[in-house]
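Novice: predicted model, plus sequence, below.
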Protein chains: 2
Amino acid sequence: MSEGPAPAYGTGGQKVRAALAAYIAQKGLKGTRQRDLIVEAFFAARRHVTVEELLERVRQQDPRVGAATVYRTMKLLVESGLASARQFGEGQARYEMAGDRHHDHLICTRCGTIVEFENDRIEAMQEVVARRHGFSVTHHKMELYGLCRNCQRHGDRKV
Amino acid sequence: MSEGPAPAYGTGGQKVRAALAAYIAQKGLKGTRQRDLIVEAFFAARRHVTVEELLERVRQQDPRVGAATVYRTMKLLVESGLASARQFGEGQARYEMAGDRHHDHLICTRCGTIVEFENDRIEAMQEVVARRHGFSVTHHKMELYGLCRNCQRHGDRKV
DNA sequence: TTGAAATTGAATATGATTATCAATTGATAT
DNA sequence: ATATCAATTGATAATCATATTCAATTTCAA
């Protein structure tokens, strides 16, 4: 398992895998080979993946894994708080590793690159605006769509 | 920081209806009774409606109107630039009249009230954040979810 | 009034996700 | 190890919102 450069979320998902095992035990569930494969593939992807993409990766290891199992496993990861589902207007969910910090997203409309960011001043101003309208905000969604640096340059070439 | 009430749409949608007629003529399409009913109901609603809600309203005028026609008409309104579709995480689209000004949304998670707002300072900061990550933003989505003034007070009572 | 072209409504298709269910597998007690 | 029993799997069917198909109807221009 190539560990790659230091990811933002702990290394290789060791910690995460332990947390999942704990959740599974605590819930009286069982560990399975498929589940391990899927979780492995998910954390190895290191990006926002769809179930379809994940299934493809998993099937490179074991072609017999069914789509339903991937859906079920991702649901489990979300329930256990280790992943979260996002909608970027594509009609299908993308999953990301659940970090401790809240963040929003920059999405390149050409190549699909997704960058996470956080900005406290924007968050603070959202609070102000909400209060001004009598709202108390519990959560929010902010997505900025446009072209990433690379696609601004090579906008003419194919993706 | 210009922030104000949502754009005042012409009363009765006179202007809008004319614009739609123009679009229809220019595209070589035809006007129909159902279409008029649906557009009428949409602009009379004066709020973010789903196709389902709209169909119900339309059927009070003519029970024989089909759902497909509502879908088709809303698509037409969106194409013509007179309405826009929004996703507030409910799994079905809500349509709003297309004003001239860009705006974002405050959504009450209890009663479903949707308030439009605009805030130039937030928009400006979004630009800054994007540029910092090498992105050029073309559009964005910002939704603040929480409780509206009324629901904060009467959170115990039924909606 | 006519006739081609657009529209309608019902039914069917679609695409993502969830639920069903018989067969299989994993954890545990023996 | 083995038996046991609940959890899991994979295929398939079911959902749900929306799109599409198609025969019947309606619109509009000539």
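Specialist: The structure has been received and is ready for your questions.
Novice: C-alpha from now on. contacts and neighbour counts both.
Specialist: OK.
Novice: can you list the residues of chain A near chain B?
Specialist: The interface of chain A toward chain B, taken as Cα under 8 Å from any Cα of the partner chain, is made up of A:106, A:108, A:119, A:122, A:125-126, A:129-130, A:133-149, A:152.
Novice: which SS state does the spatially most central residue of chain A fall under?
Specialist: Residue closest to the mean C-alpha point of chain A, counted by Cα atoms, centre = their mean, is residue A:96 at 0.9 Å. Classification of residue A:96 by DSSP: H, G, I helix; E, B strand; the rest coil places it in strand.
Novice: picking up where we left off before, select from the residues of chain A next to chain B every entry located in helices.
Specialist: Among these, the residues falling in helices (DSSP state H) are A:122, A:125-126, A:129-130, A:149, A:152.
Novice: name the nearest of those relative to chain B.
Specialist: For those, the residue nearest chain B by Cα to the nearest Cα is residue A:149; the value is 4.8 Å.
Novice: ok, which stretches of chain A are strands?
Specialist: With strands called from DSSP state E, chain A shows them at A:49-50, A:83-87, A:93-97, A:104-108, A:114-117, A:136-147.
Novice: elements contacting the longest one?
Specialist: Just to be clear, that refers to strand A:136-147. For strand A:136-147, the helices and strands in contact under the criterion 3 or more Cα pairs under 8 Å, 6 or more residues apart in numbering or on different chains; DSSP states H and E are strand A:104-108, helix A:120-132, strand B:136-147.
Novice: show me which of the residues of chain A next to chain B are buried.
Specialist: When these are checked for burial by 16 or more other Cα atoms under 10 Å in any protein chain shown, the buried set is A:106, A:108, A:122, A:126, A:129-130, A:135-137, A:140, A:142-148.
Novice: can I see the domain layout of chain A?
Specialist: Following automatic domain parsing, one finds the domains of chain A at A:14-97, A:104-153.
Novice: wait, which of those is closest to DNA strand D?
Specialist: Relative to DNA strand D, the nearest member of the domains of chain A by Cα to the nearest atom of the strand is domain A:14-97, separated by 3.3 Å.
Novice: pLDDT below threshold where in chain A?
Specialist: Chain A contains residues with pLDDT under 70 at A:1-13.
Novice: and it, which of its residues are near DNA strand D?
Specialist: Residues of chain A lying close to DNA strand D (Cα under 7 Å from any atom of the strand) are A:24, A:28-35, A:64-69, A:72-73.
Novice: residue A:111 is in contact with residue A:159, isn't it?
Specialist: Yes - contact status for residue A:111 versus residue A:159: in contact at 6.0 Å, counting by Cα atoms under 8 Å.
Novice: how many neighbouring residues does the closest residue to residue A:97 other than its chain neighbours have?
Specialist: In space, residue A:97 comes closest to residue A:83 once its chain neighbours are excluded; the distance is 4.4 Å by Cα to Cα, 6 or more residues apart in numbering or on different chains. Residue A:83 has 20 neighbours, counted by other Cα atoms under 10 Å in any protein chain shown.
Novice: quick one: residue A:140 from DNA strand C, how far?
Specialist: Taken as Cα to the nearest atom of the strand, to the nearest Å, the spacing of residue A:140 relative to DNA strand C amounts to 20 Å.
Novice: against residue B:25, how distant is that residue?
Specialist: Note on residue A:140: its distance to residue B:25, by Cα to Cα, to the nearest Å, is 41 Å.
Novice: go on, residue A:16?
Specialist: In this structure, residue A:16 and residue B:25 are separated by 60 Å, where distance is defined by Cα to Cα.
Novice: compare those two (neighbour count), which wins?
Specialist: Remark: of residue A:16 and residue B:25, residue A:16 carries more neighbours, 20 against 12, as counted by other Cα under 10 Å.
Novice: contact partners for that one?
Specialist: Listed by Cα atoms under 8 Å, 6 or more residues apart in numbering or on different chains, the contact set of residue A:16 reads residue A:82.
Novice: surely residue A:108 touches residue A:114?
Specialist: Yes - between residue A:108 and residue A:114 a contact is recorded at 6.5 Å, counting by Cα under 8 Å.
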